[in-house]
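A.B. asks: compute the structure for the input listed below.
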Amino acid sequence: MTVLAAAIALVGSLFFALGAALQQFEAVESAKPGLLTLLRRPRWLFGGASILAGGGLHIVALGLGPLTIVQPMGVASLLFALPIAATLHGRRPSRRELTAAGVVAAGLIGLVLLVPTSDGPTYLSPSGVFTLLGVAGVAAVLLWAGSKAVSPAGRAALLATSSGVLYGATATLMRVLVDGAWNWWYLLALPVPALLALMMLQRAYAVGHFGVSFASLQIADPLTAVAFGALLLGEPLPTGIAPLLAAALTAAGTIALARTSPLEAQRNSPTPV
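C.D. replies: Modelled structure (predicted):
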């Protein structure tokens with residue numbers, strides 16, 4: 001079962017990578033990469049379906065095998081996504097680009113495996129939900145504002161990080177809905193950060209540095225979920241020097257990606273704010 005779980009998780013990562021690459025290609029090629037415009041593009045919609053399929057396969061894999069095997073397979077999506085995106089844009093990924101992505105993936109695997117598991121009940125009070133959405137919203141706005149004053153690679157990173165923060169908040173709220181005590185209006189609140197995250201991610205993709213934006217998303221999403229889990233759900237945080245080393249790897253790899261990942265120039269007009 002463990003081998004089967006790893007294989008399914010790996011296929012899920014491939015689907016997720018394909019979907020992300022397709023959506024980035026459509027966003028960077030669109031004169032107006034807004035969500036309403038992209039929803040009319042079949043290839044972007046196919047990318048969304050591929051991402052959903054990847055997520056579904058990841059859930060199936062978690063039901064068949066241990067987290068320590070399945071989660072590292074999920075991180076492999078970054079290594080799949082770069083060659084797929086490069087092919088769509090008519091180029092080959094450089095060795096330095098793939099090496100940097102490998103460093104990010106190694107750091108992410110370390111972080112994922114070092115986070116302690118929590119078996120206790122998941123509960124979030126109504127005030128906790130407001131705190132969750134408020135903190136995530138303020139952080140996302142600050143990152144968005146900061147993205148307007150940096151280089152294109154930095155802009156892609158900050159916009160994707162903003163999206164990752166919102167997705168992390170969505171994941172935390174989803175855990176409460178699935179595992180804990182909740183009120184019916186929690187379900188109504190769930191689409192708000194998810195929709196804003198999707199919109200922000202398309203703006204990150206439209207900048208053009210796919211490797212940077214995808215890596216930043218993969219880092220920010222789980223780290224935000226871990227932070228909210230500790231802050232609002234009382235879950236334990238990893239301790240010792242190992243998490244710091246893993247975080248340093250992800251940071252170094254992302255910086256290297258920003259320096260090596262080429263800008264896929266938008267053919268129509270600059271990305272709107």
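A.B. asks: what residues are up against T2?
C.D. replies: 64-66, 69 (Cβ atoms under 8 Å, 6 or more residues apart in numbering). For every residue, glycine as well, the C-beta is placed using N, CA and C.
A.B. asks: any of these buried? List them.
C.D. replies: Buried by 16 or more other Cβ atoms under 10 Å: 64-65, 69, out of these.
A.B. asks: closest one to I109 out of those, please.
C.D. replies: Nearest to I109 out of the buried ones among the contacts of T2 is I69 (Cβ to Cβ; 11.2 Å).
A.B. asks: what is the least confident helix or strand in this structure?
C.D. replies: Here the helix or strand of the chain ranked lowest by mean pLDDT, DSSP states H and E is helix 67-75, holding a mean of 71.
A.B. asks: and the contacts of it?
C.D. replies: Contacts for helix 67-75 (Cβ under 8 Å, 6+ apart): 2, 5-6, 9-10, 12-13, 16, 58, 61-62, 105, 108-109, 112-113, 117, 218.
A.B. asks: contact partners of the next helix or strand after it?
C.D. replies: Sequence order places helix 77-88 as the next helix or strand after helix 67-75, per DSSP states H and E. Outside helix 77-88, the residues within contact range by Cβ under 8 Å, 6+ apart are 13-14, 16-18, 20-22, 24-25, 54, 92-93, 97-98, 101-102, 104-105, 108, 210-211, 214-215, 218, 261, 264.
A.B. asks: could you count how many residues lie near S216?
C.D. replies: Neighbour count for S216, taken as other Cβ atoms under 10 Å: 28.
A.B. asks: list buried residues within the contacts of helix 77-88.
C.D. replies: Looks like the contacts of helix 77-88 have 13-14, 16-18, 20-22, 24-25, 54, 93, 97-98, 101, 104-105, 108, 210-211, 214-215, 218, 261, 264 buried, using 16+ other Cβ under 10 Å.
A.B. asks: P222 touches V112, doesn't it?
C.D. replies: Yes. P222 lies in contact with V112 (Cβ atoms under 8 Å); the separation is 6.5 Å.
A.B. asks: narrow the buried ones among the contacts of helix 77-88 to those in strands?
C.D. replies: Among those, DSSP state E puts none in strands.
A.B. asks: what ranges do the helices span in the stretch 151-273 of the chain?
C.D. replies: Secondary structure of the stretch 151-273 of the chain (DSSP state H, counting those that start in this stretch): helices at 152-179, 184-189, 191-207, 210-232, 242-260.
A.B. asks: good, we can wrap up now.
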